[in-house]
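Undergrad: just the structure for this:
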Amino acid sequence: MAQQSNKRRMNGVVVSTRGEKTAVVRVDYRRPDPLYGKYVRRSSKLHVHDPDNACGEGDFVSVEECRRVSKTKSWRLVEVLERAV
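TA: A predicted model of the protein is given here:
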């Protein structure tokens, strides 16, 4: 029986691959406005550890939380879901 992982997983779009073994992934989400309740789009940029430099800009990827790799990197690349055209 496979063990279920308790780590957070998110999907997002790669916006930068300039760093060596690092990609920056933009994750979009919706949150209600605290006063009016209308849903507003927000986004976060995550620095992701990509040891094989497998993803490129514009790719849709899945990332998972992991132990801290560097000062800003605490996520790792799980898989590339969709390649950019």
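
Undergrad: so which bits of stretch 39-56 are buried?
TA: By neighbour count on 16 or more other Cβ atoms under 10 Å, the buried set for stretch 39-56 is Leu46, His47, Val48, His49, Asp50, Cys55. Every residue, glycine included, has its C-beta placed from N, CA and C.

Undergrad: which residues are in contact with that stretch?
TA: The contact list for stretch 39-56, computed with Cβ atoms under 8 Å, 6 or more residues apart in numbering, reads 10, 12, 14-15, 17, 19-33, 61, 63, 66, 69-70, 72-77, 80, 83-84.

Undergrad: now do that stretch, average pLDDT.
TA: The average pLDDT within stretch 39-56 is 96.

Undergrad: which stretches of the chain have low pLDDT?
TA: 1-2 (pLDDT under 70).

Undergrad: okay, and the beta partners of Val13?
TA: Beta-bridge pairing for Val13 (DSSP bridges): Arg26, Phe60.

Undergrad: so who does it touch?
TA: Contact analysis of Val13 by Cβ under 8 Å, 6+ apart lists Val25, Arg26, Gly58, Asp59, Phe60, Val61.

Undergrad: repeat that for 10 Å
TA: Taking Cβ atoms under 10 Å, 6 or more residues apart in numbering, we find Val13 in contact with 24-28, 43, 57-61, 82, 84.

Undergrad: now tabulate the buried residues of stretch 39-56 in a markdown table and tack on distance to Ser5 and secondary structure.
TA: As requested, the buried residues of stretch 39-56 are arranged in a markdown table below (distance: Cβ to Cβ, whole Å; DSSP: H, G, I helix; E, B strand; the rest coil):
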| residue | distance to Ser5 | secondary structure |
| --- | --- | --- |
| Leu46 | 17 | strand |
| His47 | 21 | strand |
| Val48 | 17 | strand |
| His49 | 16 | strand |
| Asp50 | 19 | coil |
| Cys55 | 21 | coil |
